[in-house]
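Chemist: Show me the folded form of this:
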Amino acid sequence: MKYVPDGIKPRQKTLAALLAAGASAKEAAKAVGVSTTYVNVLLKGELFNYEIDEARQALIGERLAEHAKAVSEELTVNLDILKEIRDDPEAPPAARLRAIELINQSLVPKARPKAPTTQTVNVRVSPEHQAAILDAKAEDDGPDS
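Modeler: Take a look at the predicted model:
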C-alpha cells in the first residue's frame, strides 16, 4: 500500500498543485495569498515536496489519458476511411490493397527487434602476446588444417 503522509493543509495542497503545474514560487504565493518566503520554507520540507511530486504525477496521468483518448478517436476515424477505400469497388486496386495493408498494420503490433546478444570489444594486445596467441592457434589447428 502506498504511504500517504498526513499533515498537508488545503492551502499547502493548492500551492503544491500550482508549483507542480509550473507556477513559480512567487506566482503560487500570490495566487494563494501567502508570502514567497513561506513557499520557500515549505519547499525545504520533504512532505511538501512529496505533495508536489504527487500533484505532478496526477497531471502527467491526466495528460496521458487525454492524449490516448485523442489518438484513439483519430485512429477510429482513419480506420473508417481506410475501410471505405478497401470496400469501394471503384477505388483503384493499388489503393484498396494499400488500405488493407494499413488496416492490418494498425491491428497487428510491429515486432520489436531483440537487443543484440553479442558485443564487440576492442582489445589491445602487445606484440609478444600476439605472437603467443598465433602460435597457440597454429598448434590447435595443426598441419592438417
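Chemist: quick check: longest helix of this protein.
Modeler: In terms of residue count, the longest helix belonging to the chain (DSSP state H) is helix 46-87.
Chemist: Please give the number of neighbouring residues around residue 31.
Modeler: The number of residues packed near residue 31 is 12, by other C-beta atoms under 10 Å. C-beta here means a position set from N, CA and C on the backbone, and glycine is covered the same way.
Chemist: Hmm, it is touching residue 18, no?
Modeler: Yes. Counting by C-beta atoms under 8 Å, residue 31 touches residue 18, with 5.9 Å between them.
Chemist: mean confidence for stretch 83-97?
Modeler: For stretch 83-97, mean pLDDT is 93.
Chemist: Please compute how far the helix or strand following the longest helix of the chain lies from its chain's middle.
Modeler: For helix 46-87, the following helix or strand on the C-terminal side (DSSP states H and E) is helix 93-107. Helix 93-107 sits 28 Å away from the centroid of its parent chain (C-alpha atoms, centre = their mean, to the nearest Å).
Chemist: what's in contact with whichever helix or strand comes after helix 93-107?
Modeler: Next helix or strand after helix 93-107 toward the C-terminus (DSSP H and E): helix 127-141. Contacting residues not belonging to helix 127-141 are listed as residue 125 [C-beta atoms under 8 Å, 6 or more residues apart in numbering].
Chemist: Output helix 127-141 as CSV - backbone C-alpha positions only.
Modeler: Output of helix 127-141 as CSV, limited to C-alpha atoms (Å, rounded to 0.1, in the frame of the first residue of the first chain):
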residue,chain,number,x,y,z
PRO,A,127,53.3,-7.9,-30.0
GLU,A,128,54.6,-10.6,-27.7
HIS,A,129,51.1,-11.7,-26.7
GLN,A,130,50.0,-11.6,-30.4
ALA,A,131,52.8,-13.9,-31.3
ALA,A,132,51.9,-16.3,-28.4
ILE,A,133,48.2,-16.3,-29.5
LEU,A,134,49.1,-17.0,-33.1
ASP,A,135,51.5,-19.8,-32.0
ALA,A,136,48.8,-21.4,-29.8
LYS,A,137,46.3,-21.1,-32.7
ALA,A,138,48.7,-22.8,-35.1
GLU,A,139,49.2,-25.6,-32.6
ASP,A,140,45.4,-26.1,-32.2
ASP,A,141,44.9,-26.0,-36.0
